[in-house]
Structures are given as C-alpha cells and as structure tokens.
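**Student:** sequence and predicted structure below; questions after.
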Amino acid sequence: MSSNAIPTRKVARRVFAGEFNDAGYTFKESDDERAPIYLLLPTGARANRVFVVGTLTEKEDIGEDSEYWRGRVVDPTGTFFVYAGQYQPDAAAMLRDLEPPAYVAIVGKPRTYEPEDSEEGDVLVSLRPESITVVDTDTRDRWVVETAERTLDRIEAFDEEGNEYARMARERYGGRVETYRDRVIEALESLEDGDSGGAEPDADAVDAV
Amino acid sequence: MTDLRDHAAEIHEQFEDRVDGLTVDEIEERLDTLVNEYRVPLEEATRSVESTYLEKAGMDREELGGRGGNETVEVGTIDEDEQWIDVRAKVVELWEPRSESIAQVGLLGDESGTVKFVAFETSDLPELEEGTVYALGNVVTDEYEGRYSVKLNRTTSITELDEEIEVGDGAVEVTGALVDIQSGSGLIKRCPEEGCTRVLQNGRCSEHGEVEGEFDLRIKGVLDDGNGIHEVIFGETATEELTGISLDEAKEMAMDALDTTVVADEMRGKVLGRYYRVTGPELGRYVLADEVEELTGAVDAEATLIRARSI
C-alpha cells in the first residue's frame, strides 16, 4: 500500500467504436466542479479516458474562425469521431499533417453532444484526443485483440452481483450485451481473414454524422 | 475458555520475572472480564492486560518481543507499516549513518528483493556484517512516502546463519500501451552538486538554487493495459533504446531548435500508442525500466475468438 496523496491517473478503457457510439450517458461521481466525467459503457464500465487504434480514413477542418479538425477513425466495428481544435494543439497539428489512410493510436477523453434538432435521446459520442500518433499494422491488430479481451471481461462480469456499472448500463441501455459479444467476434474474424484495412463502418455510425 | 487460558499463560510467561506474585489465574480473570463481560476482542483485551503489567513492571512495550513468534516475511513483499516480523536475509550493503542516533543503516536482501534497515544506538545490538546472512527476530516495518524499511530494536534477536542467499532484484514485469509521457521527460538538466542529481526547474535546483546543470535523458511514462496503469521511469540508456535518440543527438536537436522541449515532442511521436513490456525494480510509485521490449509481430486472435464464442 503506497501513499495515495496524488490523485491517480484514470485508466484508458479499451472499447470498440460499435460500443463507444452506443454510449450516450455521462456522469460524475462527486459534486466537485473538477470531478472527472465518465462515459457509461453499455457493457458496464465507466470510461474517463479511452485508448483506440484504427484507420484514419478522412479528415476535415470544419472550424469557422479557427482550425477545428474532425477525423474519422475506423475499427472493425465502426467509426470513432475525433475532434481537435485550439485547445488540443498537438492533436490538431497531427490531423492537419496526416494523409489518410493511416493507422493512428489515440489516447483521449469521451465527449457527448446532443444536437439541437435531434430527437430525444439521440446523442453523438466523440473523442477529444490527448495524443495522436502514427502506428503500424501489428499495433493495430494487437489493439483489436486486446480490446476484444477487455470487452469480453466486461461482458463476463456483467451479471455479477454488486457490479454497479452493469446495473446502471442495464437501466440506461437495456443490457443487451450479446450485441457486443457478436461485434467482438466480427472484429476478431476480420483479423483472421487477413484483412488489415479496417472494415466498413457500420450503418449506424454513418447515420450519426 | 481454554483459549483465554492459553493467552493468559503466554502473558504470564512474559511478566513472571518482573511482576511479583503474578498468577495465570489472575491474568485469565482480567481477560475474561474484558472479553466476556465487556465484549472486547481478544487481541485488544490481551493488549490491555499487557499494558497493565507493563506499567507495573516499568517496562516499555518494545521489550515484550513478539508474542508467540512472528511470521517470517520475505523482505520484497513488505507492504504494511508497523508490522512486527521476522526476516531471514543477507546484509547486502552497509551505508554511512547520517545521524549519531543510528548505529547501522543499510540494505537487507533475500530472494524476493531488498529492504532498507536501520539499527539505533539505543538498542545496543551486536553489529551486523556486510555479506553475512542472519535470522532477525522481531523487527518492525516502517513506511515513508511509499517506501518500506525495517527497524531493529532492543528486542531483536540476531542469529548468524551459515548459509548463502541469492538476493533477488525485486524486479516486476509490466506491459501495456504507452499512453502518456509526463512533464520532466526528454532532455533534462540535473544539479551537478555532489550526490544531488535533482532535476532542475528553469535552471534552478530546489536545494542548491541556480546552477549550471548537466544534461541527461529521461522519460517518465505511463503504461496502460486497459485494467490499470503503471508509471515507468526510463533512464538515459532505456530512453535511448526506446526512442533511438542518444544524449548527443538530443542536445543537437535542442541546439538547432533553441528549445529543449522539441526532444520530448519528438519522443512522443515515436513511442506513444505503442505496446511495451518493461522489467525493473519498483521505486515508490514508479517502475524503473531496466529492460524494455516493444511488443511487435502478429498476435494470435484464435484463443480470444474461442473465448468469445463460448460466452
């Protein structure tokens, strides 16, 4: 037991885009203004930070007065939407300089956004990057297997007694975790097929843009 | 009630020479009152009764020694403050005591790793010799800023053992993606004062003020496996191995840019988001990287696929 005076850094969750984009609910665990914000994952875990590896397929500067970059990063189950502006200068510069397609690793914080004209409950989930780096195919494949393992960990623990975040996920999202088991299988099968280009983004993710 | 009787007998043994006319019955009665009448847990009751007799005998609790023998603990596994334990360890190093109240200070080691030890002048113990293996009975653990040590005291029994111990380095292995490089990484300057080596902040040492620093390479990084994080410090050699940037190259880069931060930026681009296995000893909250290996090559998805299909 070491002394715990310094606030501990939050772990970066591993989650496929197909699950990430289904998560629309964020929460804090204390009233403190600076308390960390968590995204509730449908498989029953809280994510203050995520680590993703995928293919940057498109990038666009959608800023009006200043640069504001949007990138699409694709994994075997869907698309992560990544936004970086003046407050993420390093990540914004990366998106400016990169030529898609490229494998990128991103550490970042989940953000949710409810468009004004959307129907109720229609929440867009995106990623605010802390860092973006270019990686190789092996790293991307390693991430897919690791993310599959972590997702299965969550699915296996979903029905455990006292799993607070699973209880919340069941309330918020209905608790159909088989969906995510199926996506894990798809993701792993895409590796076995020798596919290294990233699969098609699923229809839901495209509709969400 | 035999349990109480046993405890009473143990206490009796410790005090019979120091307290006149002490009987096991008397002790048992005191224990019985506390345990059965006042519902005090046995451990706390024992302590309370002992305190009574310590006062009568004018003794310190330290003099009691471990009741009924302590657990023999591997030094590398010590992770709790104020535990009375026995160790079987080799004196790896003796250091120069910094205070007159300290008789000996140094490093004890066994197969599991090493731990600092301190013996005080007031304890009046025989001197330990470097390189010798001892059974040390009744030492107490201590913690300071997450690091553990053991203190010898006047009740510590010291038995020289005629055996050899292969001292382990207490190394741990951690794996994960490198998700952050913290400030104070890259090309840094250290205080040149003898024995200081503190990292300078804006050319200043927190101890020695403004000094002409010496360049060094270091990375304070975070390895994250999706379950938890490990903070890792890469020294000059490990940093060069990790990034392919040597100290000379780093200095050149900084000179060209008239800025030392370009080095850390370049390093971030080379290592963030990649997977590593790091081996080394733990120091407080950090793992010191002795060996670094990037995890590359194909991964086997088959086992995970079987797992997924079986759910």
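**Tutor:** Perfect, I can see it now.

**Student:** could you use CA atoms for every contact and neighbour count after this?
**Tutor:** Fine.

**Student:** and the lengthiest helix in chain A, how far out from the chain's middle?
**Tutor:** Longest helix in chain A, counting residues (DSSP state H): helix A:137-156. Helix A:137-156 sits 13 Å away from the centroid of its parent chain (Cα atoms, centre = their mean, to the nearest Å).

**Student:** residues in contact with it?
**Tutor:** A:14-16, A:43-45, A:52-54, A:103, A:105, A:177, A:180-181, A:184, A:187-188, A:191, A:196, B:226, B:274-275, B:296-301, B:304, B:308, B:311 (Cα atoms under 8 Å, 6 or more residues apart in numbering or on different chains).

**Student:** give me the below-cutoff pLDDT ranges for chain A.
**Tutor:** The model of chain A has pLDDT under 70 over residues A:1-7, A:118-121, A:193-209.

**Student:** what residues does it have near chain B?
**Tutor:** A:1-3, A:9-14, A:51, A:53, A:105-107, A:131-135, A:138-139, A:141-142, A:145, A:148-150, A:152, A:156, A:181, A:184-185, A:188-189, A:191-192 (Cα under 8 Å from any Cα of the partner chain).

**Student:** and residue A:18, what helix or strand is that in?
**Tutor:** helix A:17-20 (DSSP states H and E).

**Student:** from chain A, how far off is residue B:268?
**Tutor:** Using Cα to the nearest Cα, to the nearest Å, residue B:268 is found at 8 Å from chain A.

**Student:** helix, strand or coil for residue B:263?
**Tutor:** Put simply, residue B:263 is helix when judged by DSSP: H, G, I helix; E, B strand; the rest coil.

**Student:** whoops, I mixed them up, residue B:55
**Tutor:** Under three-state DSSP, residue B:55 falls in the helix class.

**Student:** ok, how many other residues are close to it?
**Tutor:** For residue B:55, the neighbour count with other Cα atoms under 10 Å in any protein chain shown is 11.

**Student:** how about residue A:27?
**Tutor:** Counted with other Cα under 10 Å, residues neighbouring residue A:27 total 13.

**Student:** kindly report the same for the one 4 residues further on.
**Tutor:** Neighbourhood size, residue A:31 [other Cα under 10 Å]: 7.

**Student:** and for residue B:20?
**Tutor:** Using other Cα under 10 Å, residue B:20 has 10 other residues around it.

**Student:** residue B:12 versus that one, what's the distance?
**Tutor:** Distance of residue B:20 to residue B:12, given as Cα to Cα, to the nearest Å: 11 Å.

**Student:** and what of residue A:14?
**Tutor:** Relative to residue B:12, residue A:14 is positioned 60 Å away (Cα to Cα).

**Student:** then residue A:42?
**Tutor:** Residue A:42 is 62 Å from residue B:12, by Cα to Cα.

**Student:** do the same with residue A:181
**Tutor:** Distance of residue A:181 to residue B:12, given as Cα to Cα: 65 Å.

**Student:** picking that back up, only the buried subset of the contacts of helix A:137-156, as a PyMOL command please.
**Tutor:** This is the PyMOL syntax for the buried subset of those, where burial follows 16 or more other Cα atoms under 10 Å in any protein chain shown:
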select buried, (chain A and resi 14+15+16+43+44+45+52+53+54+103+105+177+180+181+184+187+188+191) or (chain B and resi 226+274+275+299+301+304+308)
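
**Student:** how about stretch B:174-190 and chain A, touching?
**Tutor:** Yes - judged by Cα under 8 Å from any Cα, stretch B:174-190 and chain A are in contact via residue B:179.

**Student:** partners of the closest residue to residue B:268 other than its chain neighbours in the sheet?
**Tutor:** For residue B:268, ignoring the flanking residues on the chain, the nearest one in space by Cα to Cα, 6 or more residues apart in numbering or on different chains is residue B:181 at 6.7 Å. Note on residue B:181: beta-bridge partners by DSSP bridges are residue B:221.

**Student:** list the buried residues in the one helix or strand residue B:27 maps to.
**Tutor:** Secondary-structure assignment from DSSP H and E places residue B:27 in helix B:24-32. Buried positions in helix B:24-32, judged by neighbour count with 16+ other Cα under 10 Å: B:24, B:27-28, B:30-32.

**Student:** so where do the helices sit in chain B?
**Tutor:** Secondary structure of chain B (DSSP H): helices located at B:2-15, B:24-32, B:42-57, B:236-243, B:247-257, B:261-271, B:302-310.

**Student:** out of those helices, which is closest to residue B:214?
**Tutor:** Closest of these to residue B:214 is helix B:247-257, at 11.2 Å (criterion: Cα to Cα).

**Student:** now do that closest one: distance to the chain's middle.
**Tutor:** That offset, for helix B:247-257, works out to 37 Å (Cα atoms, centre = their mean).

**Student:** against which helices or strands is it packed?
**Tutor:** Helices and strands touching helix B:247-257, as assessed by 3 or more Cα pairs under 8 Å, 6 or more residues apart in numbering or on different chains; DSSP states H and E, comprise strand B:186-190, strand B:214-224, helix B:261-271.

**Student:** the first one to helix B:236-243, inter-axis angle?
**Tutor:** Right, strand B:186-190. Here strand B:186-190 runs at 170 degrees with respect to helix B:236-243, directions being taken by axes from the mean of the first three to the mean of the last three Cα atoms, to 10 degrees.

**Student:** so which residues on the stretch 1-150 of chain B come close to chain A?
**Tutor:** B:79-80, B:145-147.

**Student:** how about the strands in the stretch 51-200 of chain B?
**Tutor:** With DSSP state E, counting those that start in this stretch as the criterion, the stretch 51-200 of chain B has strands at B:84-95, B:102-110, B:113-120, B:133-144, B:147-151, B:157-161, B:171-181, B:186-190.

**Student:** buried stuff in the fifth one?
**Tutor:** By that I understand strand B:147-151. B:147-151.

**Student:** between those, which is closest to chain A?
**Tutor:** residue B:147 (7.4 Å; Cα to the nearest Cα).

**Student:** distance of that closest one from residue B:264?
**Tutor:** Taking Cα to Cα as the criterion, residue B:147 is separated from residue B:264 by 29 Å.

**Student:** could you pull out the helices for chain A?
**Tutor:** Using DSSP H, helices in chain A cover A:17-20, A:89-97, A:137-156, A:164-173, A:178-192, A:203-207.

**Student:** list only those of the residues of chain A next to chain B flagged as buried.
**Tutor:** Listed as buried from those are A:10-14, A:51, A:53, A:105-107, A:131-135, A:138-139, A:141-142, A:145, A:148-150, A:152, A:181, A:184-185, A:188-189, A:191; burial here means 16+ other Cα under 10 Å.

**Student:** run through the bridge partners of the closest residue to residue A:75 other than its chain neighbours.
**Tutor:** Spatial nearest neighbour of residue A:75, chain neighbours left out: residue A:54 (5.0 Å); criterion: Cα to Cα, 6+ apart. When assigned by DSSP bridges, residue A:54 has beta-bridge partners residue A:104.

**Student:** cool, residue B:186 as well?
**Tutor:** Beta-bridge partners for residue B:186, by DSSP bridges, are residue B:218.

**Student:** pLDDT wise, what is it at?
**Tutor:** Residue B:186 carries a pLDDT value of 96.
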